[in-house]
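*Asks:* sequence and predicted structure, then a few things I'm wondering about:
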Amino acid sequence: MSSTRGIGGLEILTRVIKDNYDFAQVNTPEPMPDVHQRRHRKLVVKTDRGVFLAKTYRRDPYVLDALRFQHRLSDHLAANDLPVANIHRAKSGRRIVEVDTWALELQEYVDGDPMTVSGGTLIISAQALGRFHTVCRDFPRPERDARMWRFSEVPRESLKNIYERAREEGAPETAADCCNRIALFLRGASEILNWEARASFETGLIHGDWHSGNLIFKGDKLAAIVDLEFAGDGCYLEDLAYAISNLCVRTTDREERLAKRVDLLLHEYQRHRPLSFAEISALFHAVGVKHVATVSFQISSSNPVVAGLNSFQWLERLAFQLEWLEKRAKAARWGQ
């Protein structure tokens, strides 16, 4: 993968694409703007046959096996009318081109924008997630412990850093009060979501990263579900908790808006997969843990402002949001 970095690397990548794909013209790839280059590099490639997204990977058997699984899953989703970005085949007919120590895939560049939350997009995204879980329930996938959630525990050191920074940015007493309220919620959540309790939640194939950036919309239609990198065996509750955290809770501190968004998403999701009592009882604590973990992970010394809020503002918002989630959790458990 290192062979594709830098000016010389781009020239190498351009040549590899020209040699391995049926294109008459290939422009020099350009880094995809405003995208975090996580485990692999993403570049936009313009050709005479359209625009593609080039992704480079380490030529490692484990990495490539995971990539082939993502391709099979993408095919399955498309066959079940869930939109995905198609993978372009090379002249050889393969969807992965291997070169020296790195590998390449070309993905269809989906024309659209990340999901903007509205009533209409919430309905579409919730139904898509419900259908994803339903049609992929028995889809073959690599084994892993389904109880081992991504972001299943809040990184204590990161949360501590938010608190310390919040004391400097705002009133120390308020920061301490908010932190104590957050800690109280998390302590209760750890009891409800303990290791044994997770065995009561239904498992299957999950997306693993269901947030607005991975839901590409073209106008009022879902154009593609992207980034299947974290798809695998897991608790459906994990996907649902992350969806609610990101699409319903993250951007608001108004109770009526929180309730409207969450109720709408849950209603539309359950058109395809009804929740069990165990899932309903644990859902809102799972949302809270996911939410705090995500914010804690994203705020760092190099990224002190997330979604327009500094650490003190996030601490206040988190404390309010978790108290609202606690009320909903009690209502769900007691059927209110």
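*Replies:* Structure's in. What do you need? Numbers count the residues shown, from 1 in each chain.
*Asks:* can you say which helix or strand has Glu105 in it?
*Replies:* strand 102-108 (DSSP states H and E).
*Asks:* just Lys260 next, same as before
*Replies:* With DSSP H and E as the test, Lys260 turns up in helix 255-269.
*Asks:* that helix: what's the following helix or strand?
*Replies:* That would be, after helix 255-269 and using DSSP H and E, helix 277-298.
*Asks:* neighbouring contacts of the helix or strand that that following helix is followed by?
*Replies:* Next helix or strand after helix 277-298 toward the C-terminus (DSSP H and E): helix 311-333. For helix 311-333, the external contacting residues (CB atoms under 8 Å, 6 or more residues apart in numbering) are 161-163, 165-167, 169-170, 174-175, 177-179, 181-182, 185, 188, 192, 249, 253, 255, 258, 262, 280-281, 283-285, 287-288, 291-292, 295, 299, 304, 306, 309, 336. Bear in mind the C-beta positions are built from the backbone N, C-alpha and C, glycine included.
*Asks:* for helix 311-333, buried residues please.
*Replies:* Neighbour-count burial for helix 311-333 flags 311-322, 324-326, 328-329, 332 (criterion: 16 or more other CB atoms under 10 Å).
*Asks:* and the strand holding Glu105, what's buried?
*Replies:* Trp102, Ala103, Leu104, Glu105, Leu106, Gln107.
*Asks:* now stretch 211-227
*Replies:* Within stretch 211-227, the residues that count as buried by 16+ other CB under 10 Å are His211, Ser212, Asn214, Leu215, Ile216, Phe217, Leu222, Ala223, Ala224, Ile225, Val226, Asp227.
*Asks:* name the SS class of the most centrally placed residue in the chain, please.
*Replies:* Centroid-nearest residue in the chain, with CA atoms, centre = their mean: Asp209, separated by 2.1 Å. Secondary structure, DSSP: H, G, I helix; E, B strand; the rest coil: Asp209 is coil.
*Asks:* and the pLDDT at it?
*Replies:* At Asp209, the model reports a pLDDT of 94.
*Asks:* next: the one 3 residues further on.
*Replies:* The per-residue pLDDT reported for Ser212 equals 96.
*Asks:* these two touch, right, it and Asp113?
*Replies:* No: Ser212 is beyond contact range of Asp113, at 9.8 Å (criterion: CB atoms under 8 Å).
*Asks:* dump the residue contacts of Glu30.
*Replies:* Here Glu30 is in contact with Leu43, Val44 (CB under 8 Å, 6+ apart).
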